[in-house]
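[1] take a look and give me a structure for this.
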Amino acid sequence: MTGSCEPATWLQAVQHLHDAAEPGVLVTLVSVRGHAPREAGAKMVVGAAQTWDSVGGGNLEMTAVERARALLVMGGQRPELLTLRLTDSAANEYGRQCCGGEVTLLLEPLATLRPHIALFGVGHVGLELGRILSRLPIHLHLIDSRAAQFASERLAPLEGGPASVHIHHSPIPELSLHDLPAGALVIIMTHDHAEDAALCDAALRRSDLGFIGLIGSSAKWSRFGEQLRAVGHSEVDLRRITTPIGLAGIAGKAPAVIALSVAAQLVTVLERQRSTATFLPTSDATL
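    Reported below is the predicted structural model:
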C-alpha cells in the first residue's frame, strides 16, 4: 500500500471500510500448532479488491483471502473458522508452504455496511420514529419539504446516537427518493396526502428499494390505489407497499406508540434480511 491517505494497518483498514461503507472481512490467526509463518494474533483485512496486513503470506494467506472474498460475494454475515495444515504433500495452488504446522483462522465479516432507512415526513410521528431509529447503527435519512421541521432544537434528541443522520430539506421530496441507495427501507408519512401519493408513485418506479411503508387508513389507500393504477402501476406493484404500517395488534394513536410499532416492524424487516443472508460453513483444508 502506498500513499499517505491509504490505510497502513489492519486497524486503519477497518476504519477505512467503515467510512467508505464498503464490505470487508477481518482475518485473525487464532491458533498455531507446530511451525507457521506468523504467530497467533496476526490479523489482516480483506476487501473486495484490496488486502491490508498479513497472516503469513503464500498459499496460507491466499487461501484465506479467497475464502474471505467468497464470503463477501455470498453476503455472509456470520464468522467462521478455517483450519489449514501446512504440509509439503499438499497440491498448493499458490505456491509451496511446508512449515509442517497447522493454523486456525477466524474470518469475521465486518459490520461496515449499514442499512439505510428513509423517513419522508418529520412531523410528530416522524420525529418520534427518528428518535428511536437514531439509536440503531444505520443510515437514517430525514426528508421533509418544510424547513422548519429541521430546527436544531427539534433534532437535538437525535444527536449522539450510533446512527448516521442525514438531513434532506426537499421542496419536492420524491427527488430525494431517487438519491437513496438500492435496498433502502422507505417510510412515507408526510403532512400532505398529495406528497404521499407522489412518493408512492416514485417509490414503485424503483424496483431496487426494500420495504416501502405508508402511514394511513384503508380509505386513504383505496384512493391511492386508484390513482396509482391510473398512472400505470399493476396490482403486483401495489402489493410492494405496506399500509397501514406498524405491528398488528398495537392500536394506540399517540405518536410515540405509532413510532414504537413502526420501529419494531422495521427491526423485524432488518433481522429477516440478516437471517436469510447466505454464508459458507466451517471448513478444513490441507495446504
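
[2] mind showing which ranges of the protein have poor pLDDT?
    For the chain, the stretches with pLDDT under 70 are 1-5, 87-100, 275-287.

[3] which stretches of it form strands?
    24-33, 43-47, 51-53, 80-85, 102-109, 116-120, 139-144, 164-169, 185-188, 212-214, 241-242, 283-286 (DSSP state E).

[4] contact partners of the second one?
    By Cβ atoms under 8 Å, 6 or more residues apart in numbering, the surrounding residues in contact with strand 43-47 are 10, 13-14, 17, 22-29, 51-55, 61, 64-65, 68-69, 72, 110. (Glycine included, C-beta is placed from N, CA and C.)

[5] what does the longest one give?
    Strand 24-33 is contacted from outside by 10, 13-14, 17, 36, 38-48, 55-56, 64-65, 68-69, 71-72, 81, 101-110, 112, using Cβ under 8 Å, 6+ apart.

[6] out of the strands of the chain, which gets nearest to residue 260?
    strand 185-188 (13.6 Å; Cβ to Cβ).

[7] burial count for residue 115?
    Using other Cβ atoms under 10 Å, residue 115 is surrounded by 19 other residues.

[8] no no, residue 230
    8.

[9] same check, this time on the one 3 residues further on
    Residue crowding around residue 233 was assessed by other Cβ under 10 Å; the count is 18.

[10] which one is it nearest to, not counting chain neighbours?
    Setting aside the residues directly before and after it, residue 233 is nearest to residue 204 in space (Cβ to Cβ, 6 or more residues apart in numbering), at 5.4 Å.

[11] pretty sure the one you found contacts residue 227?
    No. The criterion here is Cβ atoms under 8 Å, and residue 204 misses it with residue 227 at 11.4 Å.

[12] higher neighbour count, these two?
    The neighbour count for residue 204 versus residue 227, taken as other Cβ under 10 Å, is higher for residue 204 (19 against 14).
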